[in-house]
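Visitor: Need coordinates for the following:
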Amino acid sequence: MRHSSREIYSEYIAQMKDCGAQEFQPRREQDGRDRADNPPQTVTPEWPELVPFDQSEPLPPFPLDALPPATREFVYAAAETVQAPVDMVGSCVLGMLEIACRGRYPVRLPNGHIERPCFYIAPIAPPSERKSGVIELVSRPHIDYEIEYNQAHGGEAAQSASALKLLQGRIANAEQQAIKAKKSDERLIAEYELQELNNELAEFEAVEPLRLFGADVTPEKLAAMLKSQGGVFALVSAEGGGLFENIGRYCDKGGLEIYLNGYSGDRVCVDRKNSESILIDRPTLTIIAPCQPSVIADLFSDRQKSGRGLLSRILFIKCQSRVGDRKAMSKPLDGRVEANYTNLCRRLLAADSAGDIVYDDGGFGVYAAFFDEIEPQLTPDAGELSFMADWAGKLHGQMTRLAGLIHCINAFEQGKNPLDTPINADEARAGAALARYCLAHAKAVYAEQAEPEAISNARYVWDRLLTLNTPEITKTQIRKAVDRKKQFKDDSALLDEMLNTLVERGYIRLEYRSTSGRPSTLILINEIAKTGVIRGNKGQ
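Guide: Next up, the predicted model:
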C-alpha cells in the first residue's frame, strides 16, 4: 500500500504528539518579530520493534576445526587483529592458499574425473567490515614472494624478451627475402629458412615476470595473463563490486567464457582479428572478491551471469558482522603465528612437485556419503535444493576441491609432499564440513533473491543506505546510490513505497524539516538494525 508524503508527515506528527512533542511553529510577537529565544522542546520518538527481513535461524559459524593447526591459528588471530569477521578471514585465507598451490594438485576421482584446484569466493559484508585490511594481511606473503622472485629472475625475463624480439626480426627479414627472391632456388632457400624460424618461434618458451593475481583486468587481458603464467592466475580485490561489474561489462561481448572455463578447466581459445590467437589448455582461475550485499543482488538480477552459470560457481559467504563490538586497540598479530602462515605460503609457492591427488578408501567413502546426501535433494521440483540446483549440483565437486586443499595444507604444514599420500577420511570430513558451511550460506543468499519483489527491493534500498555510511540521508542521495538498472531509480512513488516498507519494519524513520523552499525529507538510520541485527545474521 502506498502512502503520500502528506499522509506519512501526518502520521509522524501524531507520533510526536503522543510522545508529548509539538510541531515547531514559530510564535510571533505583537510587533511581528519571530520569537526564537525560547522555542518549544521536542522529544524524539523511540524506535519501534525491529521486524528483520530474514527471521530464519542464524547461519553456522566458520568451521575453524576443519583447518589444519597452523592455518586455524592464523585465521583466528588475524580476525582478532584486524577485527574482521572470522568468515571473511577464513574464506580468504583458503583462497590465498589455493593461489599459492598454483594449480599443481588437482584431485582425480576413481572414475577418472578431475576436479581442478580453484575457487570463486565472495564473502558478503556491509561497509566498514575491514575488507581491505583482510586482503592486505592474507595476501602480503604472496606479494612479497612475487617481488623477490622477479628481482632474482629479472635478468632471465629481460634476456628472454630480447631473444624473442630478435627472432621475430629474423622472421620478418626472411619473409622479405622470400618475397624479393627472383630466382626459384633463392626463393626455396628463403622459404626453407622462414619455415625453420617459424618452427623455432613455435617452440620458444618466453620467460615472463611472475604475476600471481590482478584485479582490474578485461577478459581479453585475462586470457593473455593466464597464458603468460602457464594457465594459472587469480583475481583478488577488496572491492568485489568493481571486479564483478568488470565481468558484467563484457558479458554481451563474449567475455564470460574465460570465467566459466577458468573454473572448470575447459580449454580457452581466444581469436581476435588484430591480435595473436591465445590457446590455454586446462586453465586454473581463482577469484577472491569480498563485496557488499547490494553487489550480490545486482549479480542475481543480471540474466547473463545467472543464466550462464557464473553464479553457480561462486561460494557465497554471509559474514557475521563485528561492527559494534570492535575495540580501539586490538591485539597485535603474534609474530610466530604470522611467520607460520608466511612460511606456509612461501613453501607452497616455491614447490616444484605437481600431479594428481587421489582419495584413499576411507576418504572416498566420506565423499560417496556426502554425494548420496546431496544428490536426492536436487530432484527437480521435489528436492529441498531444487530451487538452487544450479549451485548445489556443483557442491560434490566443491567438497572434493576443499578436501584436496586441506590435504595440501596439511602436507606442507608438516613439511611433506602432498603427492606422497592420498586424501584420508579426516581430510575428506574437513572438506565436507566446509562444503556444508558454504551450502548453508548459499541457501540463505538464494532464498533472499527469491523473496517477493517488494521485500527484495526494500532490502536492496537498505543495502544502498548502508553504503552511504551516514546517520542522516536525503532522498536525492538515495536516488544517486541506486543502480541505474533498478526500476525504482526514477520512480518516486515506487521508491517511497520501498522506504515506507523500511519504516514499517523499523529500519529507518522519515523526518520532515521545513526550509525556506520545499520541505526536505531526511532518512534516519536505526543503529540497532545497522549493527546488532546484522550480527545475528538477520536483516541482511
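Visitor: Can you show me the helices along the stretch 201-350 of the chain?
Guide: Assigned helices in the stretch 201-350 of the chain, in chain order: 219-228, 240-249, 257-264, 293-301, 303-307, 335-350 (criterion: DSSP state H, counting those that start in this stretch).
Visitor: May I see these arranged in CSV, with mean pLDDT and distance to Leu419 as well?
Guide: C-beta coordinates here come from the backbone N, C-alpha and C atoms, glycine included. Below are these laid out as CSV (pLDDT from 0 to 100; distance: least, C-beta to C-beta, whole Å):
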stretch, mean pLDDT, distance to Leu419
helix 219-228, 88, 24
helix 240-249, 74, 33
helix 257-264, 90, 23
helix 293-301, 82, 37
helix 303-307, 59, 36
helix 335-350, 97, 13
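Visitor: got TSV for the ones you listed, with distance to Met498 and mean neighbour count too?
Guide: Converted to TSV, those look like this (distance: least, C-beta to C-beta, whole Å; neighbours: other C-beta atoms under 10 Å):
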stretch	distance to Met498	mean neighbour count
helix 219-228	34	19
helix 240-249	21	20
helix 257-264	32	20
helix 293-301	13	21
helix 303-307	22	14
helix 335-350	44	17
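Visitor: Any idea which of those gets closest to Cys408?
Guide: Of all the helices of the stretch 201-350 of the chain, helix 335-350 sits nearest to Cys408, with 7.3 Å by C-beta to C-beta.
Visitor: what sits up against that closest one?
Guide: The contact list for helix 335-350 (C-beta atoms under 8 Å, 6 or more residues apart in numbering) reads 70-71, 73-74, 77-78, 93, 96-97, 100-102, 140-142, 144-145, 212, 408-409, 412-413, 415.
Visitor: from those, which would you call buried?
Guide: Among those, those buried by neighbour count (16 or more other C-beta atoms under 10 Å) are 70-71, 73-74, 77-78, 93, 96-97, 100-102, 141-142, 145, 212, 408-409, 412-413.
Visitor: Filter those residues down to the ones in helices?
Guide: Using DSSP state H, the members of the buried ones among the contacts of helix 335-350 that fall in helices are 70-71, 73-74, 77-78, 93, 96-97, 100-101, 141-142, 145, 408-409, 412-413.
Visitor: Any buried residues in whichever strand or helix holds Leu510, and which?
Guide: Using DSSP states H and E, Leu510 maps to strand 508-513. The neighbour-count check on strand 508-513 (16+ other C-beta under 10 Å) flags 508-511 as buried.
Visitor: for those, which one is nearest Phe119?
Guide: Using C-beta to C-beta, the buried residues of strand 508-513 come closest to Phe119 at Ile508, 36.5 Å.
Visitor: which residues touch the nearest residue to the closest one once chain neighbours are set aside?
Guide: Leaving aside its chain neighbours, Ile508 sits nearest to Leu502 (4.6 Å; criterion: C-beta to C-beta, 6 or more residues apart in numbering). With contact taken as C-beta under 8 Å, 6+ apart, Leu502 is in contact with 458, 461-462, 465, 508.
Visitor: follow-up on the earlier one: present the helices of the stretch 201-350 of the chain as TSV; the columns should include distance to Ala442.
Guide: Below are the helices of the stretch 201-350 of the chain laid out as TSV (distance: least, C-beta to C-beta, whole Å):
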stretch	distance to Ala442
helix 219-228	25
helix 240-249	16
helix 257-264	15
helix 293-301	11
helix 303-307	13
helix 335-350	27
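Visitor: Gln159 is nearest to which of those?
Guide: Comparing those by C-beta to C-beta, helix 219-228 comes nearest, at 16.3 Å.
Visitor: out of the contacts of Leu502, who's nearest Arg479?
Guide: Proximity of the contacts of Leu502 to Arg479 (C-beta to C-beta) peaks at Val461, which lies at 10.4 Å.
Visitor: separation between that closest one and Ser160?
Guide: Distance, Val461 to Ser160, by C-beta to C-beta, to the nearest Å: 54 Å.
Visitor: Of those two, which one has the most company?
Guide: Legend: neighbour count by other C-beta atoms under 10 Å for Val461 and Ser160, higher for Val461 (25 against 16).
Visitor: Who's the closest spatial neighbour of the more buried one, skipping the chain neighbours?
Guide: Take Val461 and drop its neighbours on the chain: the residue closest to it by C-beta to C-beta, 6+ apart is Met498, 4.5 Å away.
Visitor: which residues sit in contact with Tyr263?
Guide: Tyr263 is in contact with 116, 118, 120, 285, 313, counting by C-beta under 8 Å, 6+ apart.
Visitor: And for Tyr76?
Guide: Counting by C-beta under 8 Å, 6+ apart, Tyr76 has contacts 64, 86.
Visitor: Phe74 now?
Guide: Contact analysis of Phe74 by C-beta under 8 Å, 6+ apart lists 93, 337-338, 340-341.
Visitor: Go ahead and list the helix or strand containing the residue nearest to Ile508.
Guide: Here Leu502 sits within helix 492-504, counting by DSSP H and E.
Visitor: Return the set of buried residues in that helix.
Guide: Buried, per 16+ other C-beta under 10 Å, within helix 492-504: 494-503.
Visitor: And that helix, how far out from the chain middle?
Guide: How far helix 492-504 lies from its chain's middle: 30 Å, per C-alpha atoms, centre = their mean, to the nearest Å.
Visitor: Using PDB, write down the CA coordinates of that helix.
Guide: Provided in PDB are the C-alpha atoms of helix 492-504 (Å, rounded to 0.1, in the frame of the first residue of the first chain):
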ATOM      1  CA  SER A 492       9.500   8.500  -6.900                       C
ATOM      2  CA  ALA A 493       6.200   6.700  -5.900                       C
ATOM      3  CA  LEU A 494       7.900   3.300  -6.000                       C
ATOM      4  CA  LEU A 495      10.900   4.500  -4.100                       C
ATOM      5  CA  ASP A 496       8.600   5.900  -1.500                       C
ATOM      6  CA  GLU A 497       7.000   2.500  -1.200                       C
ATOM      7  CA  MET A 498      10.400   0.900  -0.500                       C
ATOM      8  CA  LEU A 499      11.100   3.500   2.100                       C
ATOM      9  CA  ASN A 500       7.700   3.000   3.700                       C
ATOM     10  CA  THR A 501       8.400  -0.700   4.000                       C
ATOM     11  CA  LEU A 502      11.700   0.100   5.800                       C
ATOM     12  CA  VAL A 503       9.800   2.500   8.100                       C
ATOM     13  CA  GLU A 504       7.200  -0.200   8.900                       C
END
